[in-house]
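>>> next come a sequence and a model predicted from it.
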Amino acid sequence: MQTSSHKKKLVIGNWKMNGSSVANASLLRSLLPVISRFESVETAICPPFPYLTTVADLLDDSDVSLGAQNLSTHLSGAHTGEVSASMLQDIGCRYVLVGHSERRALYAEDDELVAKKFATALRAGLIPVLCVGETLAQRQGGETEAVVTQQLSAVLKAVGIQDLVKSVIAYEPVWAIGTGETATPEQAQAVHRHIREWLAEQDRPAATDCRILYGGSVKAENAKQLFDQPDIDGGLIGGASLDAMSFAAICWAAQTAPAAEPIAI
């Protein structure tokens, strides 16, 4: 089998717990006119919950999709402080992050809970962005592939391969998030390649169709080298997505990246 060359690169900005009404409007006023010209890359923004509706309004006349940073496994009811998948779908979200390393590490979200959130998002018509990745200790211990496979397998067990590949997968090495450290293009490609080969073991067309993003201190300076790798289909961008010109430069790197070279699996 061969990897696909027809998929658009996807670049998602994760604003995390940053922003204000004024700052968000200013950022998007600067960003949208630039990235609107990039027809070969799909873009999405994931603002904090309080700003989802205002950002949705700001994105209304653009091709930029709206995404959320998290969701509840519950559909409704007495769950103070939680946000349901149907609410996100109702206000126009297309994507939702699931299993981000900060949720796993800081809020004790284990593989089982991540899988439940993934399934809940799918049922509501959202596209989950499933985040997987290893800690520094796990990388140093040679456990990267085993950790990533375990995280993927939990979701596979919950929903099956046909639903898993309806998502986006984001490989984000925990040791490279917010640290300034970045996996080398070769390191990132090796893990993306492993993910694609694992998908092919479950269902060969799945390896072609599923988009796999890299997340972990992607910046304007390193985006081109990362996106040029044959199995990297775009990026999940943290801090750099808060700066209009940096995020635009990353989107441009995705726009100008060569189509994936066919590689036999």
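Sure, I can see it. Numbering: from 1, shown residues only.
>>> poorly predicted segments of the chain, please.
Applying pLDDT under 70 to the chain flags the ranges 1-6, 259-265.
>>> out of all of them, which helix in it is the longest?
The longest helix of the chain (DSSP state H) is helix 185-202.
>>> hey, where'd the helices end up in the stretch 101-250 of the chain?
Counting by DSSP state H, counting those that start in this stretch, the stretch 101-250 of the chain has helices at residues 101-106, 111-123, 136-140, 144-159, 161-164, 185-202, 204-209, 223-227, 244-256.
>>> could you verify my assumption that residue 161 touches residue 203?
Yes - with contact defined as Cβ atoms under 8 Å, residue 161 counts as touching residue 203 (4.6 Å). The way it works is simple: take the backbone N, C-alpha and C, and place the C-beta from them, glycine included.
>>> in contact with the residue of the chain positioned farthest from its centre, which residues?
Here the chain reaches farthest from its C-alpha mean at residue 78, the gap being 29.5 Å by Cα atoms, centre = their mean. Contact analysis of residue 78 by Cβ atoms under 8 Å, 6 or more residues apart in numbering lists nothing.
>>> tell me which of the helices of the stretch 101-250 of the chain sits nearest to residue 63.
Nearest of these to residue 63, taken as Cβ to Cβ: helix 244-256 at 11.6 Å.
>>> now what about the closest one, what contacts it?
Identification of contacts with helix 244-256 by Cβ under 8 Å, 6+ apart yields 9-11, 13, 27-28, 30-31, 34-35, 38-41, 43, 218-220, 223-224, 226-227, 234-235, 237, 240-241.
>>> in what helix or strand does the residue farthest from the centre of the chain lie?
For residue 78, there is no enclosing helix or strand under DSSP states H and E.
>>> that's all I had, so thanks and see you.
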